[in-house]
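Enquirer: sequence unknown, structure follows:
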């Protein structure tokens, strides 16, 4: 139940909504809000990608996000006791997988448009469907296998492996989606027992540790390669940010903390089949940021790929809801990004 739901009774057409329906509406709204936070964060990271190392941005982001969780969200869910868990190992594995997914995704942003990176990443639900057969022994019907095929065709259209405009960086969102799908396989039931603040906290903790280690090892820029935008973004030397850029990094941290909490909360209080399709508002949001801030319009071929991927993912969610099967409560696109 949403923490404030008992303070009022939502009304529609003069009739009181049941708490279950109110929870569902709060969950959907939380997922939409999370996508706004995540896509705005992505836009800001892309904006800074020409001047700062990715691990420097991620570390500052994670520290701010962690403080937000500890000082604001944790008290709403019972204080420090909410972090107690019998599944610390699962939290750490889940967090590490999401770190890998994030690093791959963010690294792609310096080389490909934000809208296209987001679209390719949304192959994750399709990969989850396919992996659930191999790793969990689930049965998938003909229609969903057809959706998997359509989604993969959409990715191939966008990556264009034999085209004149092939960019190897377009593989990075695909790697991110695969990492997220594998994390999903490991943690299908965590949301049943874990608080949203705990799930968000352990993710941020992983970001702090991994980005700190990377910074200590290569923060002097010894592995940077200015001739390769991707390698330069990954390994360039740390620099002291300007006040303006430091404020942007602080904002990124606030957005990631808000996004991680809202996405976890959304899936805790609303069944995944109802909440998951609302993650797809991230696609038009990302395309909007991409056009508005970077002048990156998807070309007709990319629009076709986006349509295939989004259609396949939404169809799979629809089939899941018809079957009444449970899409995992940690479904949020990692991005618990």
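Expert: Cool, the structure landed. Predicted, not measured: the structure shown is a model, and the values here were computed from it.

Enquirer: going forward, measure contacts between C-alpha atoms and count neighbours the same way
Expert: Noted.

Enquirer: residues touching residue 47, list them.
Expert: Residue 47 makes contact with no residue under the criterion C-alpha atoms under 8 Å, 6 or more residues apart in numbering.

Enquirer: next one: the one 10 residues further on
Expert: Taking C-alpha under 8 Å, 6+ apart as the criterion, residue 57 is in contact with 45, 249.

Enquirer: doesn't it belong to a helix?
Expert: Yes: according to DSSP: H, G, I helix; E, B strand; the rest coil, the state of residue 57 is that of a helix.

Enquirer: report pLDDT for the residue nearest to residue 46 when sequence neighbours are not counted.
Expert: Distance criterion C-alpha to C-alpha, 6 or more residues apart in numbering; nearest residue to residue 46, sequence neighbours excluded, is residue 109 at 5.7 Å. On pLDDT, residue 109 comes in at 94.

Enquirer: wouldn't residue 109 be in contact with residue 44 here?
Expert: No: with contacts counted by C-alpha atoms under 8 Å, residue 109 stays clear of residue 44, the gap being 10.5 Å.

Enquirer: neighbour-wise, which of those two wins?
Expert: Higher neighbour count among residue 109 and residue 44: residue 109, with 26 against 18, using other C-alpha atoms under 10 Å.

Enquirer: how close does that one get to residue 203?
Expert: 21 Å (C-alpha to C-alpha, to the nearest Å).

Enquirer: what do you get for residue 49?
Expert: To residue 203, residue 49 is 22 Å away according to C-alpha to C-alpha.

Enquirer: mind checking which of those two has more residues around it?
Expert: Higher neighbour count among residue 49 and residue 203: residue 203, with 28 against 22, using other C-alpha under 10 Å.

Enquirer: so which strand or helix has that one?
Expert: Assigned by DSSP states H and E, residue 203 belongs to helix 196-218.

Enquirer: ok now that helix, how far from the chain's centre?
Expert: A distance of 15 Å separates the centroid of the chain from that of helix 196-218, by C-alpha atoms, centre = their mean, to the nearest Å.

Enquirer: hmm, who's touching it?
Expert: Identification of contacts with helix 196-218 by C-alpha under 8 Å, 6+ apart yields 55-56, 58-59, 62-63, 65-66, 69-70, 73-74, 77, 82-83, 91-92, 94-96, 98-99, 235-238, 257, 260-261, 264-265, 268, 336.

Enquirer: for stretch 98-111, same thing?
Expert: With C-alpha under 8 Å, 6+ apart, stretch 98-111 has contacts from 42, 45-46, 49-50, 54, 117, 121, 169-170, 172-173, 175-180, 183, 203, 206-207, 210, 229-230, 233-234, 334-337.
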